[in-house]
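Novice: Provided below for reference: sequence and predicted model.
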Amino acid sequence: MPFFVGVFSHVQQKSPYRSCCVLLFFALWGASALAQEKRIYNVVDSALAMPYNAMVADLPASQALLQQALIQARTSKRDDALGQLHRFLSTVTLLAGQLDSAVYHGQQAIHSFRKQNDQLMLGMMLCDLGHVTKRRDVEQAFVYYREGIAILEELDARQELTRGYNNLSMVYEMKGDIDSALYFGRKGMVFTEALNDSTGMPYAFNRVALYLLHKERFDEARDLMLRADNIRKATKDEHGMAEQLLYFGDLYQAWGKLPEAVVRFQDAAQAARRVQVPYMEQYAQERLAELYEEQGDASGALLATRRAFAIKDSLFNENNSRTILEMEERYEAAEKDRAIAELGVAAERRQLYTWLGVGVVALLLVSGLLFHQVKQRRLRAERDAGIIAEREAGLKAVFEAAENERRRLAAELHDGIGQQLGGLKHRLESIKGGNGIGGPLDEVIHIVDDTSREVRDLAHQMMPKALSRLGLVPAMDEMLQRSFRDTGVKVAFDHFGVPAELLPALSTGLYRITQELVGNILKHAQATQVDVQLLRNKDHLVLLVQDNGKGYSVAGANSNAPKGIGLRNIGDRARSMGGTFTIHGTAGNGTEASVRVPLELPVSA
């Protein structure tokens, strides 16, 4: 209930519309709280049914609600809802500027749709993820678009394909690839026509026709423009018919058929006057001036140019006449004020000189103080920067020394004490076999065997062989499975694009951070589900660890409140690698920790 009050109060301050949308959502949620099983299903279903306008009205509130629904869907094993919830979260985080989270949730949605074999949603989500990633990696965007469109084509989902083709066509046009833009523009045009969209068809025909003009395929362009013209005439679209004459004029001018172009632009000018769209008439007159000049008709070119300038001046005068009148009124008022001000100018001048002298002295004093403060702040900043650099170097050295000591102790435990215990066990077994002694000696052998096993486990925890032998991803997978074995906690580990070879300091640092977070979950979270993701985002590695436990106070991690030693070590280790560490959580809704570090690959020999 406090969560509802806090979110609703925040939303109510934004706008009544937002507050009404969120109030409706929480009303459904509160009513479903009569029974635990119904409550879980109603929260998830309500989140899935949330309208788009309500979802984007207040992004932080929507993100919190969707995350809560996602946790409950996992708890109640609502696998059918995970993909759509991740898709909504990808949209919300993209609009909030959280591009890493948008890519992550988009990838999770794709994974879920693949698992559920929902081909329609998979194709749509791949196209959506292409739209998200084109801001940073246009080639990866094309990969997503191609796979998504291939799926939608196999399903013959024409309505969804129309949007996909049009979006892909515009991306190709932005790259200057007119052939590909024309290809996908034609596909979108065909589907628009199949849907019998009388509003969209003329625009689709004309857009493809303009692509054809670049290719000098004038006959095909004319046929498409005629089809667009027929539709606009059939729907009695006066504005569209006037605009269509401009398209015909551009066609014939590019084609070199100047007389036909002149007739079309003349008709377009008349139609523009009839529908009262001055900018269309101005465009027609400007093209007529060019055509008359090409035909050697100087008087016609001059007349068309004058008409174009007249329309331009008319638009300018219409837009600025009110501004001119306001300026005239202000000028008259200023003249009156000036006449009144001249009466007291002498007294004001004397007073001005007095205050000017005082002001100069004050200015000198303030300037001296400011200069002194700026100098002191610069010196303090340089000193603080040196201290921070020294501290970061010290942290890195401490972590490196600690890892070296771990390696040394692990080797001593394995090769020293471990070998000695193994030898002791074999010696005891030989004594037992030679003398036929049983009973107490068997118990001693069992104790030695348990001790040897504990020494090996301790050495493995201090420096796992999988980390140096197989790499970060297999080592993390092995550590997670071993840590949560026989605990009743379900763990899921996903990784995307992580290089097989990393710098030892980077792989060891991320492994230790994951180890510390897993230890905190086992000690404090009381969770039943843990999700760990390790993904590459261009030149960074991002580690995300989520659980559905009792939550974590954000103030404890992101303010000056006291922190535990483990969290401080995680933050220090992340900073020593040049990265950042953040942790978010609310009571009863689990915890999400993220680490983002620069990716440095080892130099090949």
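Specialist: Looks like it arrived, so ask away.

Novice: so residue 531 sits in a strand?
Specialist: Yes. Counting by DSSP: H, G, I helix; E, B strand; the rest coil, residue 531 is part of a strand.

Novice: So in terms of bridging, what pairs with it?
Specialist: Beta bridges link residue 531 to residue 492, residue 546, judged by DSSP bridges.

Novice: Measure how buried residue 571 is and give me the count.
Specialist: 20 (other Cβ atoms under 10 Å). (Each C-beta comes from the backbone N, C-alpha and C, glycine too.)

Novice: wait, is residue 495 part of a helix?
Specialist: No. Under three-state DSSP, residue 495 falls outside any helix and is assigned strand.

Novice: My guess is it contacts residue 543. True?
Specialist: No. Using Cβ atoms under 8 Å, residue 495 is not in contact with residue 543, being 9.9 Å away.

Novice: and for these two, which residues touch both?
Specialist: 533, 534 (Cβ atoms under 8 Å, 6 or more residues apart in numbering).

Novice: more neighbours, those two?
Specialist: The residue with more neighbours, out of residue 495 and residue 543, is residue 543; 22 against 16, by other Cβ under 10 Å.

Novice: Wait, a helix at that one?
Specialist: No. Going by three-state DSSP, the assignment for residue 543 is strand, not a helix.

Novice: so which helix or strand takes in the closest residue in space to residue 233 that isn't next to it in sequence?
Specialist: Sequence neighbours aside, residue 241 is the residue nearest to residue 233 in space, at 6.2 Å (criterion: Cβ to Cβ, 6 or more residues apart in numbering). Taking DSSP states H and E as the definition, one finds residue 241 inside helix 238-255.

Novice: what are the ranges of the strands in the stretch 401-550 of the chain?
Specialist: 490-496, 529-537, 540-547 (DSSP state E, counting those that start in this stretch).

Novice: Quick one: distance of the first one to the chain centre.
Specialist: When C-alpha coordinates are averaged (Cα atoms, centre = their mean, to the nearest Å), strand 490-496 and its chain have centres 21 Å apart.

Novice: start the count at 20, not 1, going forward
Specialist: Sounds good: first residue 20 from here, last item strand 509-515.

Novice: so it versus strand 559-566, what angle?
Specialist: 170 degrees (axes from the mean of the first three to the mean of the last three Cα atoms, to 10 degrees).

Novice: Just the buried residues of strand 509-515, please?
Specialist: For strand 509-515, a neighbour-count test (16 or more other Cβ atoms under 10 Å) marks 510, 512, 514 as buried.

Novice: same check, this time on stretch 514-527
Specialist: So, applying 16+ other Cβ under 10 Å, buried residues of stretch 514-527: 514, 517, 521, 525, 526, 527.

Novice: Stretch 227-235 now?
Specialist: Those would be 227, 228, 229, 230, 231, 232, for stretch 227-235 by 16+ other Cβ under 10 Å.

Novice: how about the nearest residue to the fifth one, chain neighbours excluded?
Specialist: Think residue 231. Using Cβ to Cβ, 6+ apart and skipping residues adjacent in sequence, the residue nearest residue 231 is residue 240, 4.0 Å away.

Novice: Tell me the buried residues in the helix or strand containing that neighbour?
Specialist: Following DSSP H and E, one finds residue 240 within helix 237-253. Buried residues in helix 237-253, counted by 16+ other Cβ under 10 Å: 237, 240, 241, 243, 244, 246, 247, 248, 250, 251.

Novice: name the helices or strands packed onto it?
Specialist: For helix 237-253, the packing partners by 3 or more Cβ pairs under 8 Å, 6 or more residues apart in numbering; DSSP states H and E come out as helix 219-233, helix 257-274.

Novice: Output the contacting helices and strands for the shortest one.
Specialist: With contacts defined as 3+ Cβ pairs under 8 Å, 6+ apart, the packing partners of helix 219-233 are helix 197-213, helix 237-253, helix 257-274.

Novice: Figure out which of those is closest to residue 496.
Specialist: The minimum distance between residue 496 and the helices and strands packed on helix 219-233 falls on helix 197-213, with 40.9 Å, by Cβ to Cβ.

Novice: returning to that earlier point: ok and the helix holding residue 240 relative to helix 197-213, angle-wise?
Specialist: 30 degrees.

Novice: Residues touching helix 237-253, excluding its own?
Specialist: Helix 237-253 is contacted from outside by 217, 220-222, 224-225, 227-229, 231-232, 259-260, 263, 266-267, 270, 273-274, using Cβ under 8 Å, 6+ apart.

Novice: What residues does the most centrally placed residue in the chain make contact with?
Specialist: The centre of the chain sits closest to residue 118, judged by Cα atoms, centre = their mean, with a distance of 1.8 Å. By Cβ under 8 Å, 6+ apart, the residues touching residue 118 are 112, 151, 154, 155.

Novice: which of the residues you listed has the most neighbours?
Specialist: residue 112 (22 neighbours).

Novice: and the next element down the chain from the helix or strand where that one lies?
Specialist: Taking DSSP H and E as the definition, one finds residue 112 inside helix 98-114. Later in the chain than helix 98-114, the nearest helix or strand by DSSP H and E is helix 118-135.

Novice: roughly how far out does that next one sit from the chain middle?
Specialist: So, by Cα atoms, centre = their mean, the centroid of helix 118-135 is 12 Å from its chain's centroid.

Novice: send the alpha carbons of the following helix or strand past that helix over as PDB?
Specialist: As assigned by DSSP H and E, the chain's next helix or strand after helix 118-135 is helix 138-152. Provided in PDB are the C-alpha atoms of helix 138-152 (Å, rounded to 0.1, in the frame of the first residue of the first chain):
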ATOM      1  CA  GLN A 138       6.600 -16.800 -34.500                       C
ATOM      2  CA  LEU A 139       4.400 -13.700 -35.100                       C
ATOM      3  CA  MET A 140       5.600 -12.000 -31.900                       C
ATOM      4  CA  LEU A 141       9.200 -13.100 -32.600                       C
ATOM      5  CA  GLY A 142       9.200 -11.500 -36.000                       C
ATOM      6  CA  MET A 143       7.700  -8.300 -34.700                       C
ATOM      7  CA  MET A 144      10.200  -8.100 -31.800                       C
ATOM      8  CA  LEU A 145      13.100  -8.700 -34.100                       C
ATOM      9  CA  CYS A 146      12.000  -5.700 -36.200                       C
ATOM     10  CA  ASP A 147      11.500  -3.600 -33.100                       C
ATOM     11  CA  LEU A 148      15.000  -4.500 -31.800                       C
ATOM     12  CA  GLY A 149      16.400  -3.500 -35.200                       C
ATOM     13  CA  HIS A 150      14.700  -0.100 -34.700                       C
ATOM     14  CA  VAL A 151      16.300   0.100 -31.200                       C
ATOM     15  CA  THR A 152      19.900  -0.900 -32.300                       C
END
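
Novice: Now do helix 138-152: everything it contacts.
Specialist: Against helix 138-152 from outside (Cβ under 8 Å, 6+ apart): 102-103, 106, 109-110, 113, 118, 121-122, 125-126, 128-129, 132-133, 159-164, 166-171, 173-174, 176, 179, 182-183, 186.
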